[in-house]
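**Student:** below: sequence and its predicted model.
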Amino acid sequence: MSKRIDRQKMRERMRKRADERRSSGGTYHIQLPDGVEFMSLDEGRNFLDFLPYEVTGKYHPDEIPAGELWVRRPYRMHRNIGPENRRIICLTSFGKSCPVCEERAKLTAEGADKSILGALRPQERELYVVADKGSAKVLDTSYYNFGAKLDEEVSYRDDDTALFWDLEEGFTVEIRMSEEKFAGKTYLEATRVDFEERKDLSDKFSESEIKLDDCLVELTAEQVQALLHGMDTPPPFEMDEEDDDSESRSRSRERDDEDEEQEEEPRTTRRRRRR
Ligand SMILES: [Zn+2]
């Protein structure tokens, strides 16, 4: 049999794959606007100036209507999806049913192995906008290792610090991150939260620095199915054929996985932050 190949087809496929990688940076779940960077947390003391952001999505897990200001964008993430071990945003983060969660429910009913169920369990995470050295950055963090501690402190105190993220009257939040170990993994966990007076930030920042809802990459149920079952399918990002230089539109980066967190429990203890 001759080894004739359809060069045109191959060329197109190569280009498509290269574009996918170039535009996605190898990750498919968070895309930051051009020029915006992730904020990272260090072990020890971190001084964070949280900024409000304008909710733009139709659905918000904290039930915040579009157009209002809020401090965080909670989301769920599935990791290790399909043969390429992709991280994807659980579609329940957008108020939709999620094929991965449905698969997990089915497997649970069938009495599947704990490790399989654990691998499919979504992790509770959050995005925040934080002012850092004059620019707004995105903090992407685990709810249980970070947000839960912040919630606990805000619930405990009954003062103005609940609005620590207010531009004018907010507070600098000092968060101590400590190294914890669980199941052979090391990760950072917030172990102490303090609030300090800070300056009015409204002359340097606005409430619309970064639209966090838009940073979460929402796949269709079909795309999630395809990834889950390892099928060769259209890329998760629909590329405009004309817009070849999609890299310039937005950037997406994979952070080092410093947050190898412990097995998470269902988010039943979560408290709503008062406004
Ligand atoms: Zn899900």
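**Tutor:** On my side now, so go ahead. Every value quoted in this text rests on a predicted model; they were computed, and no experiment measured them.
**Student:** against the ion, how distant is residue 149?
**Tutor:** For residue 149, the distance to the ion equals 25 Å [Cβ to the ion, to the nearest Å]. For glycine as for every other residue, the C-beta is placed from the backbone atoms N, C-alpha and C.
**Student:** now the residue of the stretch 101-250 of the chain found nearest the ion: which helix or strand?
**Tutor:** Closest residue of the stretch 101-250 of the chain to the ion, Cβ to the ion: residue 101 (3.5 Å). Using DSSP states H and E, residue 101 sits in helix 99-109.
**Student:** how about low-confidence regions in this protein?
**Tutor:** 1-5, 10-27, 231-275 (pLDDT under 70).
**Student:** what ranges does it have for its strands?
**Tutor:** For the chain, the strands defined by DSSP state E occupy 32-33, 38-39, 44-51, 53-54, 69-70, 72-81, 86-89, 123-132, 135-142, 171-182, 185-197, 250-251.
**Student:** got the angle for the longest one vs strand 44-51?
**Tutor:** Same thing as strand 185-197. 60 degrees (axes from the mean of the first three to the mean of the last three Cα atoms, to 10 degrees).
**Student:** export the strands of the chain to a markdown table and append columns for distance to residue 212 and mean neighbour count.
**Tutor:** What follows is these, written out as a markdown table (distance: least, Cβ to Cβ, whole Å; neighbours: other Cβ atoms under 10 Å):
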| stretch | distance to residue 212 | mean neighbour count |
| --- | --- | --- |
| strand 32-33 | 10 | 18 |
| strand 38-39 | 13 | 18 |
| strand 44-51 | 10 | 18 |
| strand 53-54 | 5 | 22 |
| strand 69-70 | 9 | 18 |
| strand 72-81 | 4 | 21 |
| strand 86-89 | 12 | 22 |
| strand 123-132 | 5 | 22 |
| strand 135-142 | 7 | 21 |
| strand 171-182 | 17 | 16 |
| strand 185-197 | 20 | 16 |
| strand 250-251 | 14 | 16 |
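**Student:** tell me which of those sits nearest to residue 113.
**Tutor:** strand 72-81 (14.9 Å; Cβ to Cβ).
**Student:** that closest one - contacts with which helices or strands?
**Tutor:** strand 86-89, strand 123-132, helix 212-215, helix 221-228 (3 or more Cβ pairs under 8 Å, 6 or more residues apart in numbering; DSSP states H and E).
**Student:** if we use 10 Å, what do you get?
**Tutor:** strand 86-89, helix 99-109, helix 114-120, strand 123-132, strand 135-142, helix 212-215, helix 221-228 (3 or more Cβ pairs under 10 Å, 6 or more residues apart in numbering; DSSP states H and E).
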